[in-house]
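A.B. asks: here is my input; please provide its structure:
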Amino acid sequence: MTSGSQAERIADTARHLQETHDDPEATWQTAVEVMQESVDGCDGVGLSMVHRRREVTTVAATCDLAREADRLQYELGEGPCLDAVWERHIVRSRDLAADRRWPTWGPRVADATEARSIVCYQLFTNEDRIGALNLYSRSLDAFDDRTVEEGYAIAAHVSIAVAASQEVDALTQGLASRTVIGQATGMLMERYDLDPARAFSVLSRMSQEGNIKLRTLAEQIVEHRRDGLGEARPQQPLR
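C.D. replies: Numbers count the residues shown, from 1 in each chain. This is a model prediction of the structure:
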């Protein structure tokens, strides 16, 4: 059963994350700050994200300890964060320096950052893994079973919020892309008396021949609208 204090923490988490749902970077930073405030014994939090389904980087952190500890994992290719991202929902270590699962990273991070224990939570959607929340403590065995369980409940809300912010960002970028492409198509229609399909076909051909992304070409055309099409001028004939 969820205790009153835990329920309040979860409610606070949901409220804070909702306030930043349309800004991915703000959502990431809010997520790490909320986790540090909500989980007892936590001295630093890093948020690791998966890019292009293989590269893992830290996109937000509450302090240098978390950022450096994460960085060392990526550099050495081992550590609880990477295990959480790719293999397990929860990874915990009570004593990093002595943990045999990461014989290189554990002693090194303990010496470099004073981190002594950690718990990591995998962030995921129904479709894919998207990253991990990495909670560090300067104390040995800082995260007991109750704390880990409470943290997992909060991390679940963070996972949903992070995934939602990414979807909003993708939709926003997609809308912006369609808008500028539509503007460039309209300019070609007006300048060369083309119908919509032909104007878009010309724009696509210019993109392929110039080895340039369609959106980038459209932005160039719109940017040069006052001076004609400039360097983005299509080759005649257009018809």
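A.B. asks: ok, now which ones touch A69?
C.D. replies: Contact analysis of A69 by CB atoms under 8 Å, 6 or more residues apart in numbering lists 44, 46, 109, 112-113, 115, 118, 134, 136. In this view, the C-beta of every residue, glycine as well, is placed from N, C-alpha and C.
A.B. asks: D144: which of the residues you listed is nearest?
C.D. replies: D144 lies nearest to I118 out of those, by CB to CB, at 13.5 Å.
A.B. asks: helix/strand/coil for that closest one?
C.D. replies: strand (DSSP: H, G, I helix; E, B strand; the rest coil).
A.B. asks: ok, now how distant is it from A184?
C.D. replies: Going from I118 to A184 by CB to CB, to the nearest Å gives 50 Å.
A.B. asks: A110: how many residues sit nearby?
C.D. replies: A count of nearby residues for A110, using other CB atoms under 10 Å, gives 20.
A.B. asks: nearest residue to it other than its sequence neighbours?
C.D. replies: In space, A110 comes closest to A97 once its chain neighbours are excluded; the distance is 3.9 Å by CB to CB, 6 or more residues apart in numbering.
A.B. asks: buried residues in stretch 86-94, which are they?
C.D. replies: Neighbour counts over stretch 86-94 (16 or more other CB atoms under 10 Å) mark 90-94 as buried.
A.B. asks: quick check: mean pLDDT across that stretch?
C.D. replies: Stretch 86-94 comes out with an average pLDDT of 93.
A.B. asks: need the contact partners of that stretch.
C.D. replies: Contacts for stretch 86-94 (CB under 8 Å, 6+ apart): 80-81, 83-84, 99, 101-102, 106, 117-122, 124, 129, 140-141, 143, 148, 152.
A.B. asks: give the buried subset of the residues you listed as a ChimeraX selection command.
C.D. replies: For the buried members of those, the matching ChimeraX selection, counting by 16+ other CB under 10 Å, is:
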select :80,81,83,84,99,102,106,117,118,119,120,121,122,124,129,143
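A.B. asks: inside helices: which ones of the contacts of stretch 86-94?
C.D. replies: In this view, those that belong to helices under DSSP state H are 80-81, 83-84, 106, 148, 152.
A.B. asks: just the element for the spatially most central residue of the chain, please.
C.D. replies: Central residue of the chain (CA atoms, centre = their mean): M49, 4.9 Å from the mean position. In this assignment (DSSP states H and E), M49 forms part of strand 44-51.
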